[in-house]
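1. what shape does this take:
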Amino acid sequence: MRRVPSLPVAFLIATAALALLAGCGEGAAPAIAPAKTTPAVPVEAAYLAPPAVTATRVEGESLRLTGSAPAGSRVRLATPEGQTSFANTDSKGVWTLTMPVIAQPRIFGLSTTVGARQVQGEGYLLIAPSGEAVMLRAGTGALRIGRTGKNGLDAVDFDREGGAVVSGRAPAGAALSIHVNGRQMAEGRADSAGRYAVALTQQPLNGGVHQLDVFGDATENSVNIDTTSAPPLANGPFRSTAVSAGLRIDWMTPGGGAQSTIILK
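-> Predicted coordinates for the structure are as follows:
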C-alpha cells in the first residue's frame, strides 16, 4: 500500500472532518546531544515523540485511556464533528483520559502540544464498542492496543488498488510466510516486540473472498476475509460494519482515498 502525504495544518487545528486525516509517517531520528562547546538545540527544533495510547480499561459506563506523550505536553482527542477532550501528561510523559462507553465505534484525531509545537499521533484512534483501541494507519497495517499472546492474526488492511497488509503477533524475530488461497504472497518477520505488519507484494489482492494463512516459527493462523471494495463514504469519513471475520472499518486517508481495515475476531 502506498503512503499518503501528511495532513494540512488546518485540520490539526479544527479537525472538522476525517476526510483530511493526517498521514502516519515516522518522525525524524532523535537529535544527538551537542558537545559542551556547541549551543544547545532549541526545544522547538528537537524531536518530539508522537502521542500514543498504551492501554484501555472499561470501568462501569466509562472507558479509561492511558497513553504516552512528551512530558509536560497537552494531549488532544478530537472527533470529526469537532468535539474535543484534553489531558495533561505528567513528568514521565503519561496521560489518562476518561470518556463514556457507547455502542458504536468512534474515531478520533490524536495530537499533543508542547509549547508552540503540535505533533500528531501515527494514525487515527478507533475506539471499538468493547473498549479496545486500534490505531488506523494509512498505507500500512492497523495496530491493536493491548492484544496479548505471541500468536495471532490482528487485522487486514487493503485499498481499492489491491494493496494489502496483514498484521498480527508472533514470537519475536519469527520468520513468516503469508499465503492467499494457497499461494505464497509475501514473507516477513516479527519485530523484537513480537508484532508484524507484512505487505502482500506478489500481486494485488483483488476483491472477493480469500483464505489467508500465516505460517512461521510457532505460528499458524488462518482466516477467510472479503476484500470487496468499499462503497463510497457518503455519510461521513468512516463506516463500520460487522462481518463474519470481525469488524470492518472503511475510512478516508489523508489523500482522500479509501482504506479498509478488518479488525479480526
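
2. now do the same end-to-end measure for stretch 58-67.
-> Terminal residues of stretch 58-67 are spaced 15 Å apart (C-alpha to C-alpha, to the nearest Å).

3. list the buried residues in that stretch.
-> Residues of stretch 58-67 classed as buried: 63, 65, 66, 67 (neighbour count, 16 or more other C-beta atoms under 10 Å). Glycine gets a C-beta too; all of them are placed from N, C-alpha and C.

4. same list (those) but as a markdown table, adding pLDDT, distance to residue 264 and secondary structure.
-> Putting the buried residues of stretch 58-67 into a markdown table (pLDDT from 0 to 100; distance: C-beta to C-beta, whole Å; DSSP: H, G, I helix; E, B strand; the rest coil) gives the following:
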| residue | pLDDT | distance to residue 264 | secondary structure |
| --- | --- | --- | --- |
| 63 | 97 | 21 | strand |
| 65 | 98 | 22 | strand |
| 66 | 98 | 24 | strand |
| 67 | 98 | 24 | strand |
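
5. export the residues you listed to TSV and append columns for distance to residue 123.
-> Formatted as TSV, the buried residues of stretch 58-67 follow (distance: C-beta to C-beta, whole Å):
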residue	distance to residue 123
63	19
65	15
66	17
67	13
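
6. of those residues, closest to residue 199?
-> Of all those, residue 199 sits closest to residue 67, with 27.2 Å by C-beta to C-beta.

7. double-check the closest one against residue 52; I have them as touching.
-> Yes - using C-beta atoms under 8 Å, residue 67 is in contact with residue 52, at 5.5 Å.

8. follow-up on the earlier one: name the nearest of the buried residues of stretch 58-67 relative to residue 189.
-> Using C-beta to C-beta, those come closest to residue 189 at residue 67, 27.5 Å.

9. got the contact list for the closest one?
-> Contact partners of residue 67, counting by C-beta atoms under 8 Å, 6 or more residues apart in numbering, are 51, 52, 53, 54, 55, 75, 87, 94, 95, 96, 97.

10. give me the nearest residue to it, chain neighbours excluded.
-> residue 53 (4.5 Å; C-beta to C-beta, 6 or more residues apart in numbering).

11. buried residues in the host helix or strand of that neighbour, which are they?
-> Element membership for residue 53 (DSSP states H and E) is strand 52-59. For strand 52-59, a neighbour-count test (16+ other C-beta under 10 Å) marks 52, 53, 56 as buried.

12. save those residues as JSON lines, and put in pLDDT and distance to residue 109 too.
-> Converted to JSON lines, the buried residues of strand 52-59 look like this (pLDDT from 0 to 100; distance: C-beta to C-beta, whole Å):
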{"residue": "52", "pLDDT": "97", "distance to residue 109": "13"}
{"residue": "53", "pLDDT": "98", "distance to residue 109": "13"}
{"residue": "56", "pLDDT": "97", "distance to residue 109": "17"}
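
13. of these, closest to residue 174?
-> residue 52 (24.1 Å).

14. that closest one touches residue 121, doesn't it?
-> Yes - between residue 52 and residue 121 there is a contact at 6.3 Å, judged by C-beta under 8 Å.
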